[in-house]
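Visitor: predicted model follows, preceded by the sequence.
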Amino acid sequence: MTSELAKDITVQVEKSRKIYLVSACLVGLACRYNGKHKEDKVVRSILQEAKLIPVCPEQVGGLPTPRSPAEIVNGSGEDVLKNQARVVNVKGEDVTEFFIKGAFQVLEMARMTGCEGAILKEKSPSCGVRKIYDGSFNGVLRKGKGVTAALLSKERIEVVSENDIRKTYIRD
Ligand code: SF4
């Protein structure tokens with residue numbers, strides 16, 4: 001006998017809406033380095049119209065929550081992927097391998113789900129789309145992507161930030 005759940009899932013899959021990955025902290029999941037979330041009301045409201053699949057690259061890369069904040073030193077996410085920059089936490093520990101593993105896990109999810117793109121949290125060393133912190137831990141920003149955003153872009157999966165979404169909503 002087919003279960004009701006299996007039938008429901010089949011129906012949902014059949015009337016599938018477009019799928020996007022989203023930084024889990026933007027939809028209210030408490031996965032940030034400080035154990036908190038960064039819910040964005042506009043991004044969260046999109047859940048009504050599109051399928052958003054929440055993912056936190058730092059968690060799937062193997063880092064705990066809470067964790068020490070980290071920044072990319074001497075470069076951007078693109079440079080980390082080329083082995084030309086490192087991700088270091090505030091204690092001075094090199095956490096690059098966790099960030100790279102997380103980025104590849106998210107890439108795998110993107111491919112598995114056939115997503116149309118990703119909405120990622122600006123300024124994060126993993127998720128930042130246009131801006132990241134400069135590695136000084138002084139709150140200074142520089143241009144560049146986080147490691148996951150850089151990998152998805154390199155693999156032709158489009159990424160936008162919560163700021164891009166807000167601007168578009170305001171314009172519309
Ligand atoms: S890695 Fe991305 S999803 Fe996870 S807490 Fe940081 S910004 Fe949010």
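Guide: Arrived safely.
Visitor: let me know the secondary structure of the closest residue to residue 73 other than its chain neighbours.
Guide: In space, and not counting its chain neighbours, residue 73 is closest to residue 135: 3.7 Å by Cβ to Cβ, 6 or more residues apart in numbering. C-beta here means a position set from N, CA and C on the backbone, and glycine is covered the same way. Following DSSP: H, G, I helix; E, B strand; the rest coil, we place residue 135 in the coil state.
Visitor: tell me the contacts of residue 135?
Guide: By Cβ atoms under 8 Å, 6 or more residues apart in numbering, residue 135 lies in contact with 71, 72, 73, 74, 88.
Visitor: quick check: mean pLDDT of the helix ranked longest in the chain?
Guide: Looking across the chain with DSSP state H, the single longest helix is helix 96-113. For helix 96-113, the mean per-residue pLDDT is 98.
Visitor: ok, that helix near the ligand or not?
Guide: No - under the criterion of Cβ under 6 Å from any ligand atom, the ligand is not reached by helix 96-113; the shortest gap measures 7.2 Å.
Visitor: CA atoms only: put that helix into CSV for me.
Guide: Extracted C-alpha coordinates of helix 96-113, given in CSV (Å, rounded to 0.1, in the frame of the first residue of the first chain):
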residue,chain,number,x,y,z
THR,A,96,40.4,26.6,4.8
GLU,A,97,39.8,22.8,4.3
PHE,A,98,36.4,23.1,6.0
PHE,A,99,35.4,26.0,3.8
ILE,A,100,36.4,24.2,0.6
LYS,A,101,34.7,21.0,1.7
GLY,A,102,31.5,23.0,2.4
ALA,A,103,31.6,24.7,-1.0
PHE,A,104,31.9,21.3,-2.8
GLN,A,105,29.1,19.9,-0.7
VAL,A,106,26.9,22.8,-1.7
LEU,A,107,27.9,22.4,-5.3
GLU,A,108,26.8,18.7,-5.1
MET,A,109,23.4,19.8,-3.6
ALA,A,110,23.0,22.3,-6.4
ARG,A,111,23.5,19.6,-9.0
MET,A,112,21.4,17.1,-7.2
THR,A,113,18.4,19.4,-6.9
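Visitor: fine, thanks again, bye for now.
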